[in-house]
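A.B. asks: This is a predicted model, with the sequence first.
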Amino acid sequence: MMSVCDRIIVPLDVPTQTDALTLIDALPEVSFWKVGLELFVSSGPSILSELKTRQKRIFLDLKFHDIPNTVAGACRSAAQYQVDLLTIHATCGRRALKDAHTALVETAGEQAPKLIAITLLTSLNSRDLAFDLKIPVELPEYALQMALLAKESGLPGAVCSPHEAAQLRSVCGSEFLLVCPGVRPAWSEAGDQRRAMTPGEAIKAGADYLVIGRPITASEDPGAAFQRICEEIEG
Ligand SMILES: O=c1ccn([C@@H]2O[C@H](COP(=O)(O)O)[C@@H](O)[C@H]2O)c(=O)[nH]1
């Protein structure tokens with residue numbers, strides 16, 4: 001059975017593969033790692049083989065955002081890595097989401113990674129949405145509409161902030177996967193996250209998985225920070 005700790009995904013937001021391996025080996029209790037743009041751009045896919053060798057689950061967070069033909073091609077290429085989760089921006093639009101999902105499933109079949117859609121980056125707040133992005137919709141409604149677009153396009157889940165998790169869970173249903181970054185224990189810094197909640201609150205709101213980076217990886221003792229978060233969720 002999956003433990004609380006298995007629901008925490010830790011991002012490898014480091015510049016080199018050597019840094020990534022140091023972190024992975026310092027945190028043997030972490031079962032699910034996220035590889036994002038910084039590490040993938042610097043080191044390429046070999047980190048994915050290292051994680052596979054260690055029998056870790058992998059979230060490949062490359063946040064595809066392009067026209068339908070291009071995101072479908074990117075998904076066909078990503079299928080070879082046999083990761084567990086892969087991301088695309090919902091704002092690619094319906095045709096791109098459908099074509100990307102179809103390409104992934106046709107290439108990898110049963111083993112296909114779950115393609116999940118970014119609804120609205122957790123570093124953005126209502127003000128950013130209205131004044132900078134010029135989107136005249138309340139933020140919770142916008143995030144919900146992006147999640148519904150993903151669902152209608154055949155995607156099995158979405159990335160959202162914990163603030164929207166309860167609403168998305170109730171509207172999109174219990175099978176729809178919700179992955180929440182923007183998670184901060186009360187004792188940690190928010191940094192650039194703008195719609196954060198604590199790990200316990202995010203799980204109560206309906207998140208399946210929490211992405212928690214700097215509170216763990218920038219801590220003086222990452223193992224102790226990870227353990228403290230697990231205990232706080234259990235408590
Ligand atoms: O909306 C999003 C989508 C992805 N992320 C990613 O999650 C982690 C969060 O790291 P922290 O150190 O816990 O802030 C990071 O890799 C982001 O690229 C996100 O934060 N928000």
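C.D. replies: That came through, no problem. Keep in mind that what you see is a predicted model, and the values were worked out from it rather than measured. Residues are numbered from 1 along each chain as shown.

A.B. asks: Run a quick neighbour tally on the spatially closest residue to residue 103 that is not a sequence neighbour.
C.D. replies: Leaving aside its sequence neighbours, residue 103 sits nearest to residue 72 (Cβ to Cβ, 6 or more residues apart in numbering; 3.8 Å). The way it works is simple: take the backbone N, C-alpha and C, and place the C-beta from them, glycine included. Other residues near residue 72 number 23, with proximity taken as other Cβ atoms under 10 Å.

A.B. asks: what does residue 110 give?
C.D. replies: 5.

A.B. asks: I'd assumed residue 91 was in contact with residue 97.
C.D. replies: No. Residue 97 is beyond contact range of residue 91, at 9.7 Å (criterion: Cβ atoms under 8 Å).

A.B. asks: before we move on, back to that, name the residues of the helix or strand where the residue nearest to residue 103 lies that come out as buried.
C.D. replies: Secondary structure assignment for residue 72, by DSSP states H and E: helix 68-79. Along helix 68-79, these residues count as buried under the neighbour rule (16 or more other Cβ atoms under 10 Å): 68, 71, 72, 74, 75, 78, 79.

A.B. asks: At which residues are the helices of the chain located?
C.D. replies: 17-26, 37-43, 46-53, 68-79, 94-108, 126-127, 139-152, 162-172, 199-205, 214-217, 222-234 (DSSP state H).

A.B. asks: Can you pick out the residue with more neighbours from residue 97 and residue 91?
C.D. replies: Higher neighbour count among residue 97 and residue 91: residue 97, with 26 against 16, using other Cβ under 10 Å.

A.B. asks: what's near enough to touch that one?
C.D. replies: Residue 97 is in contact with 88, 90, 117, 149, 150, 153, 154, 155, counting by Cβ atoms under 8 Å, 6 or more residues apart in numbering.

A.B. asks: Next one: the fifth one from the ligand, what distance?
C.D. replies: Using Cβ to the nearest ligand atom, to the nearest Å, one obtains 14 Å as the distance from residue 150 to the ligand.

A.B. asks: Also residue 151?
C.D. replies: In terms of Cβ to the nearest ligand atom, residue 151 sits 18 Å off from the ligand.

A.B. asks: Also residue 74?
C.D. replies: 17 Å.

A.B. asks: Spell out which residues of the chain are next to the ligand.
C.D. replies: 11, 13, 34, 36, 118, 121-122, 159, 181-182, 191, 193, 211-214 (Cβ under 6 Å from any ligand atom).

A.B. asks: mind redoing it with 5 Å?
C.D. replies: 11, 13, 36, 121, 122, 181, 211, 213, 214 (Cβ under 5 Å from any ligand atom).

A.B. asks: OK, contacts around the first one?
C.D. replies: In this case it means residue 11. Contacts of residue 11 (Cβ under 8 Å, 6+ apart): 33, 34, 36, 61, 211, 213, 217.

A.B. asks: one step back: tabulate the contacts of residue 97 in TSV, adding columns for neighbour count.
C.D. replies: Shown next, in TSV, are those (neighbours: other Cβ atoms under 10 Å):
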residue	neighbour count
88	27
90	26
117	27
149	19
150	28
153	22
154	13
155	23
